[in-house]
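> Structural data only, the sequence is not supplied:
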Ligand SMILES: NC(=O)c1ncn([C@@H]2O[C@H](COP(=O)(O)O)[C@@H](O)[C@H]2O)c1NC=O
């Protein structure tokens with residue numbers, strides 16, 4: 001069966017965003033379509049000299065209650081809901097003197113923008129559109145007869161379809177799906193705001209009794225974590241920022257694992273204020289380094305940590321990538337590089353290796369909450385803040401050993417800031433603003449310490465500093481670091497065995513600072 005077009009003879013247009021409205025209305029009029037419109041929309045059309053029927057002529061009712069009632073009338077809703085393929089509906093419309101609509105064009109009051117502008121609750125309430133969503137839902141339900149358009153970006157396409165003889169059923173179905181997504185996202189925004197601003201039901205916890213979110217598919221990926229898994233990328237309905245919205249300047253399509261690793265790298269690089277480079281594989285660092293000098297120096301530091309693992313890694317820089325850094329990166333097989341910008345000529349240097357993916361991205365959003373699905377549910381937590389209590393070295397407690405000199409303290413602060421990017425249990429050995437050995441993802445802290453020492457090697461561990469993302473439950477982990485020559489350690493403290501751990505440090509001549517704060521990353 002062919003999907004024949006359904007002609008458009010009568011359209012109802014009521015839009016808050018008037019962009020493209022006059023062109024749409026005049027195009028519809030030129031195609032012989034009667035245009036019926038609400039107050040402000042009708043005025044804008046009439047002011048442009050295009051004939052328009054005021055909706056009051058359909059309802060026989062004035063717009064009332066400050067615009068709260070404009071279209072909420074059977075003259076409108078029967079016209080949108082009548083199944084024109086059903087003779088009884090058509091007969092009833094005739095008896096009631098109501099004409100059917102073939103096309104509805106609506107966009108809703110800008111509720112989200114009004115809330116974001118800091119408007120008062122009363123002003124926000126007034127921007128909750130009632131008549132618009134009611135019409136959109138009605139027309140979308142009745143897509144067998146009516147085409148509904150909620151996106152001004154589609155006006156040119158709409159006019160083209162009208163000129164072609166109308167919309168096909170497939171068109172009307174797809175418009176209906178878009179329309180219901182639109183009203184669903186709108187309702188999520190309204191429900192979330194009322195549940196937080198007007199009627200908080202979080203019982204003081206900061207976590208609302210209900211959480212809604214909408215996500216838009218941005219791309220379908222070749223496959224998921226493994227080739228037999230299918231996968232796609234979605235961005236949050238509120239626009240979002242960070243890696244998911246990155247622009248790819250060069251290279252093959254991003255894979256699922258590329259996104260996971262690039263996100264870990266992007267966040268890690270932005271954990272530091274100084275120019276920083278993070279090189280990541282399997283969501284863990286091969287190396288992270290900062291430099292007060294330039295980004296190329298930070299990259300040299302990060303790469304030197306573990307050149308073996310950096311092969312095939314994902315690199316993030318929190319500053320513009322210079323040509324010097326690009327030259328260094330071009331020497332090593334790299335899957336992805338992400339940065340806020342690239343100096344003139346840097347992309348050309350990077351793309352000498354044709355397989356590298358080059359991304360430009362907005363910084364990740366800080367703060368807020370994180371969602372993690374678990375079987376049958378979802379965990380929500382506040383994001384691990386960069387300025388948690390205990391992150392500022394001026395608040396650390398010197399628990400044992402000689403106070404660290406300025407350079408050692410700077411390395412301890414770097415190691416402490418870095419260990420949050422390493423999966424727990426994490427031990428980070430660092431020197432000169434660069435990691436030299438990371439022990440990650442171990443199921444006990446002593447193995448994390450052994451791994452960090454093994455990666456650093458005897459020469460680099462000697463005289464370096466270390467950070468532990470959580471307390472040492474026993475002296476053994478700290479003893480591994482001390483035996484390797486690590487001179488100072490920063491850790492949260494708080495273990496029942498703190499006294500024994502600190503005694504082991506004292507015996508080995510290791511300085512220990514306590515932060516009182518933990519930075520697990522699971
Ligand atoms: N109250 C109603 O009956 C009603 N009907 C349509 N609207 C909205 O009014 C706006 C258009 O109004 P105007 O044409 O007056 O600028 C559209 O965003 C539409 O979604 C209404 N406004 C709010 O609910």
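Thanks, I have the structure now. Predicted model only: the values in this text are computed from it and were never measured. Numbering: from 1, shown residues only.
> what sits up against the strand or helix carrying residue 258?
Counting by DSSP states H and E, the secondary-structure element that holds residue 258 is helix 256-269. Contacts made with helix 256-269 from outside it, assessed by C-beta atoms under 8 Å, 6 or more residues apart in numbering, are listed as 221, 223-225, 229, 231, 233, 242-244, 246, 254, 276-285, 288, 313-318, 335-336, 338, 357, 359, 361, 364, 418, 421. From N, CA and C alone the C-beta is placed, and that goes for glycine too.
> can you check stretch 372-392 too?
The set of residues that contact stretch 372-392 without belonging to it, under C-beta under 8 Å, 6+ apart, is 206-207, 211, 271, 366-371, 395-396, 416-417, 420, 492, 515-517, 519, 521.
> Drop anything exposed from these.
Neighbour counting with 16 or more other C-beta atoms under 10 Å marks 271, 396, 416-417, 420, 492, 515, 517, 519, 521 as buried within the contacts of stretch 372-392.
> got TSV for these, with distance to the ligand, pLDDT and secondary structure too?
Rendered in TSV, the data for the buried ones among the contacts of stretch 372-392 read as follows (distance: C-beta to the nearest ligand atom, whole Å; pLDDT from 0 to 100; DSSP: H, G, I helix; E, B strand; the rest coil):
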residue	distance to the ligand	pLDDT	secondary structure
271	43	95	coil
396	56	97	coil
416	52	97	helix
417	48	96	helix
420	45	94	helix
492	53	97	coil
515	52	97	coil
517	48	93	coil
519	47	92	coil
521	45	91	coil
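> what's the most distant pair in the residues you listed?
By the measure C-beta to C-beta, 396 and 521 form the most distant pair in these, at 20.4 Å.
> Contacts for stretch 223-235, please.
Applying C-beta under 8 Å, 6+ apart, the set of residues contacting stretch 223-235 from outside is 215-221, 244-245, 254-257, 259-260.
> Briefly note if stretch 111-124 comes near the ligand.
No - counting by C-beta under 6 Å from any ligand atom, no contacts exist between stretch 111-124 and the ligand, the nearest distance being 10.2 Å.
> Quick check, residue 328 in contact with residue 301.
No - the pair residue 328 and residue 301 fails to qualify as a contact (C-beta atoms under 8 Å) at a distance of 11.0 Å.
> who's more crowded, these two?
In this comparison of residue 328 against residue 301, neighbours counted by other C-beta atoms under 10 Å, the higher total goes to residue 301 at 23 against 19.
> Let's verify the more buried one: helix, strand, or coil?
Taking DSSP: H, G, I helix; E, B strand; the rest coil as the rule, one finds residue 301 in the helix state.
> what sits against it?
For residue 301, the set of contacting residues under the criterion of C-beta under 8 Å, 6+ apart consists of 277, 287, 289-291, 432-434.
> Which members of the residues you listed occur in strands, if any?
Residues from the contacts of residue 301 lying in strands, with DSSP state E as the criterion: 277, 287, 289-290, 434.
> how about those residues in TSV, adding distance to the ligand, pLDDT and neighbour count?
TSV is the format used below for the ones in strands among the contacts of residue 301 (distance: C-beta to the nearest ligand atom, whole Å; pLDDT from 0 to 100; neighbours: other C-beta atoms under 10 Å):
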residue	distance to the ligand	pLDDT	neighbour count
277	48	98	34
287	53	98	29
289	52	98	29
290	50	98	28
434	56	98	26
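> can you tell me which two in these are farthest apart?
By the measure C-beta to C-beta, the ones in strands among the contacts of residue 301 have their two most distant members at 287 and 290, which lie 11.4 Å apart.
> any weak-confidence spans in the stretch 201-350 of the chain?
In the prediction, the stretch 201-350 of the chain carries residues with pLDDT under 70 at positions 239-240.
> So which residues of it form strands?
With DSSP state E, counting those that start in this stretch as the criterion, the stretch 201-350 of the chain has strands at 215-221, 231-236, 247-250, 276-281, 284-290, 313-317, 334-339.
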